[in-house]
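# Provided below are the primary sequence and the corresponding predicted coordinates.
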Amino acid sequence: MTVQCPNCAHENFDGALFCAECGTKLISEDGLSTAAIRATDTSKGDGGEQAAPIPPPPVQTSDAFVSLHVVRTGQILPLVGREEFTIGRVSEGQSILPDVDLTPFEAYSQGVSRLHATIRVAVDQIMLIDLGSSNGTRLNNDRLQPHREYELRHGDMLSLGRLKLQALVRQD
């Protein structure tokens with residue numbers, strides 16, 4: 001399913017907040033809905049329970065030059081504090097952790113690798129690199145070759161496995 005931009009008639013992916021072609025906002029604030037992230041308990045063999053990971057406290061999105069919009073939940077993940085961000089999920093016993101942990105968004109069941117992709121933020125461009133992930137990375141439905149840089153622009157749709165994200169780049 002797609003959403004047509006009211007400004008330029010470009011067909012955008014369902015769930016996109018902004019038009020990938022012209023940047024027009026696709027939904028009004030009152031049309032924006034969010035979904036609660038449900039914590040499910042997992043029983044262990046010893047009878048103990050383990051709660052789902054709790055996402056970190058929100059950062060002001062106005063501070064971020066680049067943010068990632070999680071399409072399924074509507075949550076915005078601002079990328080602040082560095083020039084390179086590793087995106088993935090956390091797994092028990094993992095020694096190297098991603099900068100952006102997608103575990104709270106059912107990353108494992110969606111096919112997100114522990115170290116799935118990297119986003120590099122420079123003054124003149126933003127680059128996306130697949131880190132040789134098991135289920136691949138797609139940029140606007142085009143599958144990326146591992147370890148190659150691809151330019152990331154405002155409104156671009158990313159698929160890490162089956163988890164869909166939209167790039168939001170602040171227009172100064």
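Cool, the structure landed.
# Quick check: beta-bridge partners of the closest residue to Gln166 other than its chain neighbours?
Spatial nearest neighbour of Gln166, chain neighbours left out: His69 (4.2 Å); criterion: Cβ to Cβ, 6 or more residues apart in numbering. Bear in mind the C-beta positions are built from the backbone N, C-alpha and C, glycine included. Beta bridges link His69 to Ile76, Gln166 when assigned by DSSP bridges.
# show me the residues around His69 that make contact.
By Cβ atoms under 8 Å, 6 or more residues apart in numbering, the residues touching His69 are Leu17, Gln75, Ile76, Leu77, Leu165, Gln166, Ala167, Leu168.
# before we move on, what about Arg114?
By Cβ under 8 Å, 6+ apart, the residues touching Arg114 are Gly88, Arg89, Val90, Ser91, Gln94, Pro98.
# 7 Å instead, please
Gly88, Arg89, Ser91, Gln94 (Cβ atoms under 7 Å, 6 or more residues apart in numbering).
# repeat for His154
Each residue near His154 by Cβ under 7 Å, 6+ apart is listed here: Phe18, Gly23, Ala167, Leu168, Val169, Gln171.
# Arg138 versus that one, what's the distance?
Distance, His154 to Arg138, by Cβ to Cβ, to the nearest Å: 17 Å.
# just Gly15 next, same as before
According to Cβ to Cβ, Gly15 and Arg138 sit 15 Å apart.
# for this protein, what spans make up the helices?
Under the criterion DSSP state H, the chain contains helices at 107-110.
# Per the annotation, how does it divide into domains?
1-33, 65-172 (automatic domain parsing).
# just the ones you listed: most buried one?
Of these, the one with the most neighbours on average (mean count of other Cβ atoms under 10 Å) is domain 65-172, at a mean of 17.
# Against Pro146, how distant is Leu165?
In this view, Leu165 and Pro146 are 18 Å apart by Cβ to Cβ.
# from the contacts of Arg114, which single one is nearest Leu128?
Of all the contacts of Arg114, Leu128 sits closest to Gly88, with 13.5 Å by Cβ to Cβ.
# Ignoring the adjacent residues along the chain, who's closest to Met157?
Computed as Cβ to Cβ, 6+ apart, the closest residue to Met157 that is not its neighbour in sequence is Phe13, at 4.8 Å.
# Confirm for me that that neighbour is in contact with Thr2.
Yes - counting by Cβ atoms under 7 Å, Thr2 is a contact partner of Phe13 at 6.5 Å.
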